[in-house]
Each structure stands twice: as C-alpha cells, then as structure tokens.
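Participant: Quick one: sequence plus predicted model below, questions after.
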Amino acid sequence: MADDDKHVSGDDPVDEVKEKISSASDEMAKQNNKWADLSDTAQELVVSDKGIRQLVGAMVASRQLYAMALHDLDYRLDSSIGNYKDIVEEDKSPLKEIFVSSAASQAANPFEESDLLSGVKNTVIPWMEEVSAAHTAAEDRLLVQEHEASEKERRSKKVSLGLGLEPEEEDSLDRERSLVLVGWGPALDYLSSRIIGHSLSAVMDFNQVIHLTMSATKSPDHRLLEIGGKAWENCARSNASWNKLFVSEYLDKLSAPLDLFVISDLSLTNKGHSFQSAASLSAEAQKRLRKWSNSMGCAMVGCIPLLSQETPDLNTPDWEKLRMFTRLRAVTVNTRDDGNYDILVGRTGKLENIPKEDVDSFEKSDIIKP
C-alpha cells in the first residue's frame, strides 16, 4: 500500500505540469487567433475608412521623416564645408546626440495642432523639398563618378585574342591601335571567329562585340551583334557615315559598353574609286573606324581578305599608312602533310595543326583580289 501511495504521489506533479502546459498552449492559441482576427479587422478599416487610412499614413510618414532628418543631420555634419568645416571628427557624434535629445525634449511638450500644421507647411515641407533635391543631386554625382571610374578602368584593359600567339603581347590588343590582318579570306574569318568566341567564353567582364561580317548569324549570346555585309558596305566612306548608320540602326541593340569591333573586310567599308588598291581603301576606312572605336573605348580588328594562301608582301608603298598607324600582320596558311593547316600570324605567331574543315568552312566566292 505504501508503494502504491508513493507511485500516485509521484505522478501528481507531472500531471499537474502537463495540465499547465496544455492550458498555456490553449491560451496562446486563443490569443494568436484573436490577434489574427484583429489584424484582419485593422486591414479592413484601412481599406474602408479614409480617416484610419490617413492617420496610418501619417504615422508611417512621421517615422520616415525622422529617418530622413537623421540622414540629413549625418550628411551635414560629415560634409565638412560651410558652417560644418570647423567641426572635428570626435565632436560629430556628441553633437548629433545633442540635436536628437533636444528635438525629443521639445516634442514631449504640449502643442497646438494648428501650430504643428503651420510648422509642417512653412518649415518641414520646404526643408524636405530642398533636402530631397540636394540628396538626389549628390547621388547623381556619385553615380557619374562611379561610372567614369568604371569606364576608365574598362578602357585601360587590353582585350585578349585567345589565339595563343607568341610573344605574349601579340596575343592581346589595346584599345588605341587596331590589329589589321591580311591574308587568305577563310583563314581570316577563322581567326576572327576564334577571337570572338574566346572573348565571349573566356574573358572575364567582357561586355559586347560588333562583327561586320558577310553573312550574319543570329547568336544566342546577346553580347554578340553581327551585321550582314549589305548593311555595312561603304559605311566608312566618310568620317560620319558609320556613326550615323550605327546610331540610327544599331545603338539600341547594344546592352553594354562595346569592348571589341571586328570587320571582316575593311576595303568593303570604303569602296572609293576602282583604280584604288585594297590597301589604300582599307587605310582610309581604318582611320575613320578607328576614330569611332576610340570614342567607344573598344579594341578593333580589321581584316583584308585575299585569294592566296601565300604570305602577302606588306612592304610595298600601298601598305605604308597601315604599317605606320596599325599593328599590321600578314597571315600565311601552310598545308601540312596530313592535310591540315598551320596558320602564321606575322613573323612569330603560329597556330598549328588546325583542322582543314574548320578553315575551309569559311570559304566563299566573293573574296577581293589583292
């Protein structure tokens, strides 16, 4: 009997705790349900009652106004100009506390609603308009400064060609001096395709490329804008002709700054007279397109396709302007014993064992004669 009494008395405290927990849970559930019901009621009143809607808006606005005032106080104390130029750094935080405490003390005093309304009209609203305009102007200036710094950094970066040329500096291109390739047309198209593909797939922070090509394709990569031959033929006949065409037809298609400009046939951008050589026409076109590229802050690759796979002689007077003002490189294609190609770019750059079909796929019948 004693053991039974002990067992019962031992269970009583546990049951009592369980009952208290259950009761507390039920009470909490009731409170939560009550709160949810009241929240729904409040929402209905905000929607249906103009007065409630206005006063809630006033409470929200007053909190936002207080945050705006604190932001302006920090802005003025940190500006270190005008009346604030003699305030030392360690005094700024105490000064802020003084202003905040003083405002809190005055706000605690009794007030007339008419005085509050007059103060809002005559002091608060004019201050808000002035501060909002000043802050917007300051933010705009900051955005401009950040953009200028970012643009300066972008323009200072060389563009990687991704051809594996040696020496290493031959495999990158600055944004002030064009690379002009002269050689067999399909080889130039292959090199251009390699350069563009590398830029889009392997170059960090690469923005946009425009490719003036004979046959434009629709790329899934929005950073590549290809323009077909008929659209850009003779586009560099004058200093302003390409820019006018670009602004009217293609500017709105760019989604980012231009980093690379590739022209598949420089001579076709400036047809000129029939007695002029491809070198002469291309030199004039390069000068005009280079000026535009400088304004865009982009690197430029211009091609002059020929019929022959042999090394073109670029030491004749026709090529003088391009030798002086560009990085002029002859492109030679040698057929290997296995039928594939070795492509030489200039005197030192070499791409070895390029599959014949990769290059021949670019072959077409409208390549210009030297």
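Facilitator: Yep, it's here.
Participant: pLDDT weak spots in the stretch 1-150 of the chain?
Facilitator: Where the stretch 1-150 of the chain drops to pLDDT under 70, the residues are 1-11, 13-15, 17-18, 20, 24.
Participant: switch to 80 and redo it
Facilitator: 1-27 (pLDDT under 80).
Participant: quick one: the helices in it?
Facilitator: Chain-ordered helices for the stretch 1-150 of the chain, with DSSP state H, counting those that start in this stretch as the definition, fall at 2-48, 50-79, 89-107, 113-119, 125-156.
Participant: Make CSV from those helices and add distance to residue 207 and mean neighbour count to it.
Facilitator: Backbone N, C-alpha and C define where each C-beta goes, glycine included. Formatted as CSV, these follow (distance: least, C-beta to C-beta, whole Å; neighbours: other C-beta atoms under 10 Å):
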stretch, distance to residue 207, mean neighbour count
helix 2-48, 47, 10
helix 50-79, 34, 13
helix 89-107, 40, 11
helix 113-119, 52, 10
helix 125-156, 8, 11
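Participant: could I get those as a markdown table with distance to residue 347?
Facilitator: Putting the helices of the stretch 1-150 of the chain into a markdown table (distance: least, C-beta to C-beta, whole Å) gives the following:
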| stretch | distance to residue 347 |
| --- | --- |
| helix 2-48 | 79 |
| helix 50-79 | 59 |
| helix 89-107 | 61 |
| helix 113-119 | 81 |
| helix 125-156 | 28 |
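Participant: Go through the ones you listed and name the closest to residue 311.
Facilitator: For residue 311, the closest of these is helix 125-156, at 34.1 Å, according to C-beta to C-beta.
Participant: Tell me if residue 226 really is in a strand.
Facilitator: Yes: counting by DSSP: H, G, I helix; E, B strand; the rest coil, residue 226 is found in a strand.
Participant: That one: neighbour count?
Facilitator: Applying the criterion other C-beta atoms under 10 Å, we find 17 residues in the vicinity of residue 226.
Participant: Tell me who's in contact with it.
Facilitator: 210-211, 213, 216-219 (C-beta atoms under 8 Å, 6 or more residues apart in numbering).
Participant: Using neighbour counts, trim these to the buried set.
Facilitator: Taking 16 or more other C-beta atoms under 10 Å as the criterion, what is buried in these is 210-211, 213, 216.
Participant: Which residue ranges of the stretch 151-300 of the chain form helices?
Facilitator: Here the stretch 151-300 of the chain has its helices, by DSSP H, counting those that start in this stretch, at 185-202, 229-232, 241-249, 278-296.
Participant: for the record, mean pLDDT for the third one?
Facilitator: When pLDDT is averaged along helix 241-249, the result is 91.
Participant: cool, the shortest one as well?
Facilitator: Predicted confidence along helix 229-232 averages 89 (mean pLDDT).
Participant: Then stretch 293-300?
Facilitator: Over the span of stretch 293-300, the pLDDT mean works out to 96.
Participant: And that stretch, what's buried?
Facilitator: So for stretch 293-300, counting by 16+ other C-beta under 10 Å, buried means 293, 296-300.
Participant: What is the end-to-end distance of that stretch?
Facilitator: Terminal residues of stretch 293-300 lie 7 Å apart, using C-alpha to C-alpha, to the nearest Å.
Participant: List of residues touching it?
Facilitator: Counting contacts by C-beta under 8 Å, 6+ apart, the residues touching stretch 293-300 from outside are 151, 154-155, 158-159, 173-176, 178-179, 257-263, 289-290.
Participant: quick revisit: with distance to residue 143 as added columns, please give the helices of the stretch 151-300 of the chain in CSV.
Facilitator: What follows is the helices of the stretch 151-300 of the chain, written out as CSV (distance: least, C-beta to C-beta, whole Å):
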stretch, distance to residue 143
helix 185-202, 28
helix 229-232, 34
helix 241-249, 24
helix 278-296, 21
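Participant: which one of those helices lies closest to residue 128?
Facilitator: helix 241-249 (40.4 Å).
Participant: domains for this protein, by residue range?
Facilitator: The record, using automatic domain parsing to delimit domains, assigns the chain the ranges 1-37, 38-153, 159-360.
Participant: Most widely separated two among the buried residues of stretch 293-300?
Facilitator: Spanning the widest gap among the buried residues of stretch 293-300 are 297 and 300, at 10.9 Å by C-beta to C-beta.
Participant: for residue 350, helix, strand, or coil?
Facilitator: Counting by three-state DSSP, the backbone at residue 350 sits in strand.
Participant: Distance check, the residue lying closest to it once chain neighbours are set aside against residue 170.
Facilitator: Distances taken as C-beta to C-beta, 6 or more residues apart in numbering put residue 344 closest to residue 350, at 5.5 Å, once the chain neighbours are dropped. Between residue 344 and residue 170 the distance, using C-beta to C-beta, to the nearest Å, works out to 12 Å.
Participant: repeat for residue 124
Facilitator: To residue 170, residue 124 is 66 Å away according to C-beta to C-beta.
Participant: Then residue 362?
Facilitator: For residue 362, the distance to residue 170 (C-beta to C-beta) stands at 22 Å.
Participant: and what of residue 223?
Facilitator: Distance, residue 223 to residue 170, by C-beta to C-beta: 25 Å.
Participant: just residue 332 next, same as before
Facilitator: Using C-beta to C-beta, one obtains 15 Å as the distance from residue 332 to residue 170.
Participant: Kindly report the same for residue 364.
Facilitator: On the measure of C-beta to C-beta, residue 364 and residue 170 end up 28 Å apart.
Participant: one step back: if you count what's nearby, which of residue 124 and residue 170 comes out ahead?
Facilitator: More neighbours sit around residue 170 than around the other of residue 124 and residue 170, counting by other C-beta under 10 Å; the figures are 19 against 13.
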